[in-house]
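S.K.: Give me a 3D structure for the following:
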Amino acid sequence: MSDSYFKDIESRMTKCVDATRADFASIRTGRATPALLDRLHVDAYGQSVPVKQVAGVSAPDTRTLIITAWDKGVVGEIKKAIEKSDLGLTPNIDGTGIRLTIPPLNEERRKDLAKVVKKKAEDGKIAVRNVRHKAHDEIKAQLKSSDITEDDNKRMQDTLQKLTDRYVKEIDALVAAKEKEIMEV
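M.R.: Next up, the predicted model:
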């Protein structure tokens, strides 16, 4: 019960942290990174697909992203998707590619992004706590049905709390790193 049970809980909490990490990757800092376009979907071939499925994305320097479409016909759709997105970037088309120049962030925008990071981190922590809450209820149900003893219950609750604390700390570390990256001039 305990080892495999807590491995499952750890797995679910890890997924919460990974989702938070992925959310952070899509937040634009002053630095160009292909991960900025991970959430971007393009209307191509009659359906909505991720940019990665219709083009290659590279970052030749810290201020530029180059999107190379594999099919010339989707360049216009990629441009439209970028313009409609919340990235606030202006695409420049050159042949089969699109060049995105990432402008440096002003102080106000940095503070706004820091708030977004804190909000996404809080969502991640809530997800971790929801995993804990569900596990807590499962442990209580086992105690009630006499599948485990009072001592087992106490031990399992302690382990559960330690896991929760560890994953919440991990999210806090991600926040600190992302805020540092955002505030870098």
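S.K.: For Glu10, which three-state class applies?
M.R.: Under the three-state scheme (DSSP: H, G, I helix; E, B strand; the rest coil), the conformation of Glu10 reads as helix.
S.K.: how about the nearest residue to it, chain neighbours excluded?
M.R.: Leu163 (6.2 Å; Cβ to Cβ, 6 or more residues apart in numbering). Where C-beta positions appear, they are placed from N, C-alpha and C, glycine not excepted.
S.K.: Ala19 too?
M.R.: Spatial nearest neighbour of Ala19, excluding adjacent residues (Cβ to Cβ, 6+ apart): Gly124 at 6.6 Å.
S.K.: The one helix or strand the one you found maps to - contacts with which helices or strands?
M.R.: Secondary structure assignment for Gly124, by DSSP states H and E: helix 107-144. In terms of contacts (3 or more Cβ pairs under 8 Å, 6 or more residues apart in numbering; DSSP states H and E), helix 107-144 is packed against helix 2-25, helix 150-183.
S.K.: what's the offset of the last one from the middle of its chain?
M.R.: Averaging C-alpha positions (Cα atoms, centre = their mean, to the nearest Å) puts helix 150-183 17 Å from its chain's average.
S.K.: All further residue positions should be reported with the first residue as 40.
M.R.: Shifting the count to begin at 40 puts that one at helix 189-222.
S.K.: helices or strands up against it?
M.R.: Short answer (3+ Cβ pairs under 8 Å, 6+ apart): helix 189-222 packs on helix 41-64, helix 146-183.
S.K.: angle of it against helix 146-183?
M.R.: Using axes from the mean of the first three to the mean of the last three Cα atoms, to 10 degrees, the direction of helix 189-222 lies 170 degrees away from that of helix 146-183.
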